[in-house]
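Peer 1: Next comes the sequence, and after it the predicted model I'd like to discuss.
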Amino acid sequence: KVTVESGVITLDSGALTGITWGTSSPPFPTSNYEVRIEAARLKGTDFFAGITFPVGDSFCTWINGGWGGEVVGLSSIDGADASMNETTFTRKFVLGRWYSLRLRVTPTTISAWIDDELVIDVAITKKWIALREGDIDRSMPFGIASYSTLAGVRKIEWRPLAPAAPAAAR
């Protein structure tokens with residue numbers, strides 16, 4: 001169940017609960033964009049902000065608080081999910097605390113910040129980017145989900161980024 005009250009979207013504690021960009025909306029960008037949200041784990045011990053997003057002609061998910069509550073990373077890079085690739089790290093998330101999450105996608109890089117700290121900055125030009133198999137594909141093209149965790153989401157924003165100038169023009 002998903003509810004909205006006082007500017008907070010609450011994702012109930014289901015196997016996978018979330019919100020997804022509607023198909024009747026303009027198409028979500030596939031590159032040169034930035035997304036900002038605030039999210040909190042309100043109850044539970046798994047991911048409270050699985051942000052699925054387009055990357056060129058594919059999709060990826062930024063997991064925050066997965067695999068027992070502390071894993072952060074991108075699913076999937078070169079076939080390895082967020083718990084087992086070069087973007088994987090652990091971080092303690094305080095129950096009830098709001099975290100500012102920022103994601104930037106360009107043709108060459110995926111970057112992510114938690115509370116203004118750059119935590120992921122991965123070059124993707126020679127990487128295979130794809131979603132982890134399973135129900136997370138219901139979050140395409142852009143969605144925010146939780147797994148077996150009551151989560152709050154607010155202040156969802158996206159903005160386009162200017163394309164990078166060609167190397168010869170710099």
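Peer 2: Yes, it's here.
Peer 1: Give me the below-cutoff pLDDT ranges for the chain.
Peer 2: Counting by pLDDT under 70, the chain has low-confidence residues at 24-25, 165-170.
Peer 1: Geometrically speaking, which residue is the centre of it?
Peer 2: Most central in the chain under Cα atoms, centre = their mean is I51, positioned 2.4 Å from the mean C-alpha point.
Peer 1: May I have the beta-bridge partners of the nearest residue to that one once chain neighbours are set aside?
Peer 2: Across the structure, with Cβ to Cβ, 6 or more residues apart in numbering as the measure, the residue nearest I51 apart from its sequence neighbours is W62 (4.5 Å). (Each C-beta comes from the backbone N, C-alpha and C, glycine too.) When assigned by DSSP bridges, W62 has beta-bridge partners I51, L74.
Peer 1: swap in S58?
Peer 2: V55.
Peer 1: how far away is it from I144?
Peer 2: Here S58 is placed at a distance of 18 Å from I144 (Cβ to Cβ, to the nearest Å).
Peer 1: So for the two, which sits in the more crowded spot?
Peer 2: When S58 is set against I144 and neighbours are counted by other Cβ atoms under 10 Å, the residue ahead is I144, at 27 against 14.
Peer 1: Now the more buried one: which helix or strand?
Peer 2: When elements are assigned from DSSP states H and E, I144 belongs to strand 143-146.
Peer 1: tell me what that strand is packed against?
Peer 2: In terms of contacts (3 or more Cβ pairs under 8 Å, 6 or more residues apart in numbering; DSSP states H and E), strand 143-146 is packed against strand 8-11, strand 17-20, strand 33-44, strand 49-55.
Peer 1: Please identify which of these is closest to M84.
Peer 2: If you check each of these against M84 by Cβ to Cβ, strand 49-55 wins as the nearest, at 16.1 Å.
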